[in-house]
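Novice: My questions are about this predicted structure, shown below with the sequence.
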Amino acid sequence: MSDEVEEDARSADAIAIPLADRDWKRDMWRDLKKAPLTAKFGILVIASYVFVALFAPVLTPYGESEIVGSEFDVWGDKFILGTDNLGRDMLTRLIYGARNTLGIAFLTTLLAFAVGGCLGLLASILRGWVDQVLSRIVDIFMAIPVLIFALVLLTIFGSNAQNLIIIIALLDSTRVFRLCRAVGMNVAVMDFVEVAKLRGEGLPWIMFREILPNILPPLVVEFGLRFCFVFLLIAALSFLGVGIQPPTADWGSMVRDNATLITYGDITPLLPAAAIALLTVGVNFVVDWFLHKTSGLRDDH
Amino acid sequence: MGKLITLVIQRLGLGLLTLLAVSLIIFLGVELLPGDIATEILGQDALPETVEVFRRELGLDKPPHIRYIDWVLGVIQGDFGTSFANQREISDLIGFRLANTLFLALMTSAIAVPFSLVCGVLAALYRNSLYDRAINTFTLTSISFPEFFIAYILIIMFSQQLGWFPSLSNVDMDMPLWERIYKCLLPAATMTLAVFAHMMRQTRAAIINLLASPYIEMANLKGLQRFRVVVHHALPNAWAPIATVIALNLAYLVVSVVVVEVVFVYPGLGQLMVDSVIVRDLPVVQACSLVFAATYILLNLTADLISIVTNPRLLHPK
């Protein structure tokens, strides 16, 4: 991916954060108040999405895949945003979509970080042949475009939510591995890690108690960027009909199912797509702000 | 020069090796399948005789390494095997679709590359101005939009409301060139918007980086006009990173073409691949992914080579 290079560079910048111990709660609040308008907007968007996803059953007038009316009903009092191609309430599906799409993307990113992060840390500590073998495997995997690779794997294993999460998480963990290994290497050679080794600490202790806390800032930024990437990828796959399968409400497949309406000038099918776009814009704004803040860059190069 | 040639040959060799490894992965995917591919495709209650015939057709009775070598030799000669779904030769299916996809990609780059270069140079020229900030926000936003969203917005605006362009890009081989271009305009515009942000941002960054160097300051102090400084002094040195960015983005284009083709029902390779994934037509998916991966690797390799070849330190060794 072309954006990988840029992203890597951007997140690597963030390691320059001063490791001063400060009153982080008060600090965070002050930072938040000073944040540019775009970042505030982003935080607001993310918060409202999480709220909607958590309270989906309370907020929706109908059931997730309940058929409540005729097909392609127009906007009105009974169905605020009309109904979809099977006569299900659009608003309900949209709200449940937040829950499913967000949840699956979040789980996938978490899994990718767990796998890629652990392997990256291992490679940065053990070096030698472990590092060589892991890095070469990752190199080869990264030579295939993620979307294409995902399509091949989904053909072989069949498309369902569980396969989708595992496949995309594994493909995406290669990027996390690269970053984690690169920033981990810088920390792994420091004296306190040496001391911990001499003290006889085990590998897990060195990985998670010595190195991980010191490379957290770039990883947090990377988490935001990777989440966006995974989210868009899953949406694209669902839109292509090989991602999240019906009757689960999901934004990508909702666009696909109702796309015929667009030729009649009805913008309802664009709402789920807009929901996807709004969230990624929000996350990107917050990540951008965070990067500026932690790297101390005044001007973006 | 000797060092340069060695480096280039090394990179080419590495690219070939990667391609081999990738083909092995794509091939081995089938072996990973739990159980038997024949029963998996034909269903659990297929007759044992049918399964047997199917296995022989696929060559599944041979050991995997022989099959892999057969497959690779076939691909080199342009023979990708036959499709599960309709028993047609895959090379027949791929041929004209690949040409269509390349046509769309070429058209997109013809629009996107000059457009983003000009915008990038302008943004660097008028840094921190209103124009710069507006275009920065715009690019940050357009990176976040899924391709199908951009595509449908364009369809609603230009096809539904204004009625300027068709929303379906059903081209065929006998169409005159201008009609093909006309029908491909909306998909090309969608992909342009998808890659524009990266190319423009990288161009801007490359030039701004250079503007900090002493020789530019010298040019400024001489009293040259800002436009002349950027275009005559900074731009020539920025070509290498910009060329790399272009090659990398064309590689990205190869991927985003899949979604765009589906939206506009464009008879390209991406559409074929998605259709085959849905019916789990494995040989076709393998063939398409190999073509996509090969293009991707080739473009990345080109980016690599450009950055090596345009590096002055390698061109003029001491």
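Specialist: On my side now, so go ahead.

Novice: which intervals of chain B have sub-threshold pLDDT?
Specialist: Residue ranges of chain B with pLDDT under 70: B:1, B:30-44, B:58-60, B:85, B:173, B:311-318.

Novice: residues contacting residue B:192?
Specialist: B:108, B:111, B:112, B:115 (CB atoms under 8 Å, 6 or more residues apart in numbering or on different chains). In short, each C-beta sits where N, CA and C put it, glycine included.

Novice: Dump those residues into CSV; add secondary structure and distance to chain A as well.
Specialist: As requested, those are exported to CSV (DSSP: H, G, I helix; E, B strand; the rest coil; distance: CB to the nearest CB, whole Å):
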residue, secondary structure, distance to chain A
B:108, helix, 14
B:111, helix, 17
B:112, helix, 12
B:115, helix, 16
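
Novice: I'd like the distance from residue B:247 to residue A:177, if you could.
Specialist: Distance of residue B:247 to residue A:177, given as CB to CB, to the nearest Å: 24 Å.

Novice: These two: which is more packed in?
Specialist: The residue with more neighbours, out of residue B:247 and residue A:177 and counting by other CB atoms under 10 Å in any protein chain shown, is residue A:177; that gives 28 against 20.

Novice: okay but the more buried one is in contact with residue A:121, surely?
Specialist: No - Residue A:177 is not in contact with residue A:121 according to CB atoms under 8 Å; the separation is 9.4 Å.

Novice: Share the number of residues neighbouring residue A:63, please.
Specialist: Residue A:63 - counted by other CB under 10 Å - has 13 other residues nearby.

Novice: wait, is it part of a helix?
Specialist: No - read with DSSP: H, G, I helix; E, B strand; the rest coil, residue A:63 is coil and lies in no helix.

Novice: Contact partners for the nearest residue to it once chain neighbours are set aside?
Specialist: Once flanking residues are discounted, residue A:63 sits nearest to residue A:92: 7.2 Å by CB to CB, 6 or more residues apart in numbering or on different chains. By CB under 8 Å, 6+ apart, residue A:92 lies in contact with A:60, A:61, A:62, A:63, A:64, A:66, A:249.

Novice: ok, the spatially most central residue of chain A - contacts?
Specialist: Nearest to the geometric centre of chain A sits residue A:227, at 1.1 Å (CA atoms, centre = their mean). Applying CB under 8 Å, 6+ apart to residue A:227 gives the contacts A:105, A:106, A:109, A:283.

Novice: Report how many residues lie close to the third one.
Specialist: So the one you mean is residue A:109. With other CB under 10 Å as criterion, residue A:109 counts 26.

Novice: repeat for residue B:72
Specialist: Neighbours of residue B:72 (other CB under 10 Å): 15.

Novice: The helix or strand harbouring it: which residues count as buried?
Specialist: In the assignment (DSSP states H and E), residue B:72 maps to helix B:64-76. By neighbour count with 16 or more other CB atoms under 10 Å in any protein chain shown, helix B:64-76 contains the buried residues B:67, B:68, B:71, B:75.

Novice: sec struct for the closest residue to the second one other than its chain neighbours, please.
Specialist: The shortest distance from residue B:68 to any residue other than its chain neighbours is 5.2 Å, reached at residue B:27 (CB to CB, 6+ apart). Counting by three-state DSSP, the backbone at residue B:27 sits in helix.

Novice: what residues are up against residue B:27?
Specialist: Per CB under 8 Å, 6+ apart, neighbours of residue B:27: B:67, B:68, B:71, B:72, B:286.

Novice: go again using 10 Å as the cut-off
Specialist: Going by CB atoms under 10 Å, 6 or more residues apart in numbering or on different chains, residue B:27 touches B:64, B:67, B:68, B:71, B:72, B:75, B:286, B:290.

Novice: follow-up on the earlier one: how about the helix or strand harbouring the residue nearest to residue A:63: buried residues?
Specialist: If you go by DSSP H and E, residue A:92 is part of helix A:90-126. The neighbour-count check on helix A:90-126 (16+ other CB under 10 Å) flags A:90-102, A:104-106, A:108-109, A:111-113, A:115-125 as buried.

Novice: Tell me the helix or strand right after it.
Specialist: Downstream of helix A:90-126, the next assigned helix or strand under DSSP H and E is helix A:128-142.

Novice: now the angle from whichever helix or strand comes after that following helix to helix A:128-142?
Specialist: Scanning forward in sequence from helix A:128-142 by DSSP H and E, the next helix or strand is helix A:146-157. Counting by axes from the mean of the first three to the mean of the last three CA atoms, to 10 degrees, helix A:146-157 lies at 90 degrees to helix A:128-142.

Novice: for helix A:146-157, packing partners?
Specialist: Applying 3 or more CB pairs under 10 Å, 6 or more residues apart in numbering or on different chains; DSSP states H and E, we find helix A:146-157 packed against helix A:161-188, helix A:216-240, helix B:2-32, helix B:235-263, helix B:269-278, helix B:282-309.

Novice: so which of the ones you listed comes closest to residue B:229?
Specialist: Closest approach to residue B:229 among the helices and strands packed on helix A:146-157 (CB to CB): helix B:235-263, 9.6 Å.

Novice: From the chain's centre, how far out is that closest one? Work that out for me.
Specialist: Relative to its parent chain, helix B:235-263 has a centroid offset of 7 Å by CA atoms, centre = their mean, to the nearest Å.

Novice: same deal with stretch B:280-300?
Specialist: That offset, for stretch B:280-300, works out to 11 Å (CA atoms, centre = their mean).

Novice: list the contacts for the spatially most central residue of chain B?
Specialist: Centroid check for chain B by CA atoms, centre = their mean gives residue B:254 as the closest residue, at 1.9 Å. Contacts for residue B:254 (CB under 10 Å, 6+ apart) come out as A:145, A:147-148, B:101-102, B:105, B:269-270, B:291-296, B:298-299.

Novice: same check, this time on residue B:247
Specialist: Residue B:247 sits in contact with A:2, B:298, B:299, B:300, B:301, B:302, B:303, B:304, B:305, B:306, B:307, where contact means CB under 10 Å, 6+ apart.

Novice: Can you give me the separation between the fourth one and residue B:15?
Specialist: It refers to residue B:300. 8 Å.
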